[in-house]
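A.B. asks: Provided below are the primary sequence and the corresponding predicted coordinates.
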Amino acid sequence: MTAVQEFPEGHSTQILSHTAPSGLSRNNSPESFVITTLTATTTVTNLPSSQPYQFPVHRLPTHMQDESKTPLVLVACGSFSPVTYLHLRMFEMAQDYYDEHGEEYELVAGYLSPVNDCYQKQGLAAAHHRVTMCQLATETTSTWIMVDPWESIQPAYQRTAPVLDHFNEQLNGLIGGMPLSTGERKPFKIMLLAGGDLIQSFGEPNVWASKDLHRILGGYGCTIIERTGTDVYDFLLSHDILFEHRRNVHVVKQLIYNDISSTKVRLFIRRKMSIKYLLPDPVIRYITDQNLYLS
Ligand SMILES: Nc1ncnc2c1ncn2[C@@H]1O[C@H](COP(=O)(O)OP(=O)(O)OP(=O)(O)O)[C@@H](O)[C@H]1O
Ligand SMILES: NC(=O)c1ccc[n+]([C@@H]2O[C@H](COP(=O)(O)O)[C@@H](O)[C@H]2O)c1
């Protein structure tokens, strides 16, 4: 099954996000992008409302480079209102980290999981817009990041722990793990990918349940991208649950500090300032076409 999504700038694009694993690996060349330019048109078909849900698997590789390692999948939960180059860079920084500290894990895929509308955070565009923007961003700039709309189409807000459970059910339950050359399958390690600010919210009262933090940090694991203004190492030391599960928590240093925030991007749009080079062009065109973030 395919979701046809039509670009505002006069092209329609077919995003094959609902096909069975196609054998693409994240190292494939840009020519292998699962994206096809079709005919000129101006309407946008919104995936969440117009298509039945299917878990996206089209960028899962068919084999590992080193089968002695554990296949790792990173899941970034967030507003993505709108998605920026920094959100995408988080995955690349994590990739460099696991290439460098790659004894245990082989990073095989990444997912963006845009939060449900019921989260009601200020500046949150409707979920179908955020999902579409994330799809435009990943399909045009990456070969290994996918967008899962599941969280955004649920009837209520989903906490992060149940979202990771959903990924576990799909990847290790239904798909059954990563196929190996022996014919066996190896369970995927699923980790939350988050910025330092999100991790610091673990310490705020009544934001995260302790049992959820044990499940996220102990059961799954977390890759944390440093963010300017947050001292992740200090926080790791001071937070009891984070410290308890510190071996399952990986901190990635930002070697080039980049503090693009969606809040600032929304402000720039309101002030009619340029947002070029802060987010992918197809996302900028979508924002303009849909008149997003003007008020
Ligand atoms: N500059 C950054 N450095 C590191 N991590 C970041 C940065 N910007 C966002 N993130 C991380 O990206 C994830 C998704 O972010 P989200 O869209 O919820 O927040 P945001 O980009 O800060 O948006 P907003 O400005 O609307 O709060 C979170 O884990 C957040 O910590
Ligand atoms: N208790 C929880 O599971 C919990 C609490 C706060 C934020 N979150 C998640 O963190 C992500 C980012 O949230 P903020 O944009 O508020 O930082 C969202 O996906 C949100 O669902 C989860």
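C.D. replies: The structure has been received and is ready for your questions. Ligands and ions are numbered 1, 2, ... in the order given.
A.B. asks: ok, now which ones touch S295?
C.D. replies: Each residue near S295 by C-beta atoms under 8 Å, 6 or more residues apart in numbering is listed here: R270. Placement of C-beta: from N, CA and C, glycine included.
A.B. asks: Touching, Y53 and W150? I think so.
C.D. replies: Yes: using C-beta atoms under 8 Å, Y53 makes contact with W150 at a distance of 6.2 Å.
A.B. asks: and the two? which has more neighbours close in?
C.D. replies: Applying other C-beta atoms under 10 Å to Y53 and W150 shows that W150 carries more neighbours, namely 20 against 13.
A.B. asks: where do the strands sit along this protein?
C.D. replies: 3-6, 12-15, 35-37, 70-78, 105-114, 145-147, 178-179, 185-186, 189-195, 222-225, 249-252 (DSSP state E).
A.B. asks: The nearest residue to Y277 once chain neighbours are set aside: how many residues sit nearby?
C.D. replies: Distance criterion C-beta to C-beta, 6 or more residues apart in numbering; nearest residue to Y277, sequence neighbours excluded, is Y85 at 7.8 Å. Neighbours of Y85 under the rule other C-beta under 10 Å: 17.
A.B. asks: What about V131, how many residues nearby?
C.D. replies: Under the neighbour criterion other C-beta under 10 Å, V131 is assigned a count of 24.
A.B. asks: repeat for the one 4 residues further on
C.D. replies: A total of 27 residues lie near Q135 under the criterion other C-beta under 10 Å.
A.B. asks: What confidence value was assigned to it?
C.D. replies: Q135 carries a pLDDT score of 98 in this model.
A.B. asks: With ligand 1 as the reference, measure out to the nearest residue to it once chain neighbours are set aside.
C.D. replies: Distance criterion C-beta to C-beta, 6+ apart; nearest residue to Q135, sequence neighbours excluded, is V147 at 5.0 Å. In this view, V147 and ligand 1 are 13 Å apart by C-beta to the nearest ligand atom, to the nearest Å.
A.B. asks: V147 pairs with what?
C.D. replies: Applying DSSP bridges to V147 gives these bridge partners: L112.
A.B. asks: pLDDT at it, what is it?
C.D. replies: The model reports V147 with a pLDDT of 98.
A.B. asks: right, and it touches C134 too?
C.D. replies: Yes: here V147 reaches C134: they are 4.3 Å apart, a contact under C-beta under 8 Å.
A.B. asks: tell me, what's touching the two both at once?
C.D. replies: Overlap between the contact sets of V147 and C134, as judged by C-beta under 8 Å, 6+ apart, is given by 112, 114.
A.B. asks: what sits against the residue in the stretch 1-150 of the chain that ligand 2 sits nearest to?
C.D. replies: Nearest residue of the stretch 1-150 of the chain to ligand 2, counting by C-beta to the nearest ligand atom: C77, 3.4 Å away. For C77, the contact set (C-beta under 8 Å, 6+ apart) comprises 113, 115, 151, 160, 163, 192, 194.
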